[in-house]
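Asker: task: produce atomic coordinates for the following.
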Amino acid sequence: MIYINLHDYREELRKIETQKRVVKATSFVCIIILLVLINWIVMQAKLDRVRQETQKMEMAVKNLE
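Answerer: From the prediction side, this is the model:
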């Protein structure tokens with residue numbers, strides 16, 4: 001008895017290609033979100049340093065008065 005594979009391999013290839021595209025798009029979005037988050041953390045650190053420096057300067061001005 002001969003068995004014939006009636007499963008369409010082209011349909012499976014299309015499914016695999018779609019999965020690859022979804023994974024690439026999701027990865028791209030995740031990387032962008034990660035970069036934005038890192039940038040936000042760096043900017044917060046810079047802002048904290050500026051605030052500390054401003055407070056030191058205000059204290060110095062108060063001491064001079």
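Asker: any idea how far residue 10 is from residue 19?
Answerer: Between residue 19 and residue 10 the distance is 15 Å, computed by Cβ to Cβ, to the nearest Å. C-beta: built from backbone N, CA, C; applies to glycine.
Asker: comparing these two, which residue is more hemmed in?
Answerer: Using other Cβ atoms under 10 Å, the more surrounded residue of residue 19 and residue 10 is residue 19, with 10 against 7.
Asker: give me phi/psi at that one?
Answerer: Here is the backbone geometry of residue 19 (degrees, to the nearest 10): phi -60, psi -40.
Asker: and if you look at residue 7?
Answerer: phi -70, psi 130.
Asker: for it, give me the pLDDT.
Answerer: Per-residue confidence (pLDDT) for residue 7: 74.
Asker: OK, contacts around it?
Answerer: By Cβ atoms under 8 Å, 6 or more residues apart in numbering, no residues touch residue 7.
Asker: mind checking how far it is from residue 13?
Answerer: Distance from residue 7 to residue 13, by Cβ to Cβ: 12 Å.
Asker: so how far is stretch 33-40 from its chain's centroid?
Answerer: 6 Å (Cα atoms, centre = their mean, to the nearest Å).
Asker: got the buried residues for it?
Answerer: Buried residues in stretch 33-40, counting neighbours by 16 or more other Cβ atoms under 10 Å, are absent.
Asker: show me what the mean pLDDT comes to for that stretch.
Answerer: 98.
Asker: same question for stretch 52-65.
Answerer: Taken as a whole, stretch 52-65 has an average pLDDT of 93.
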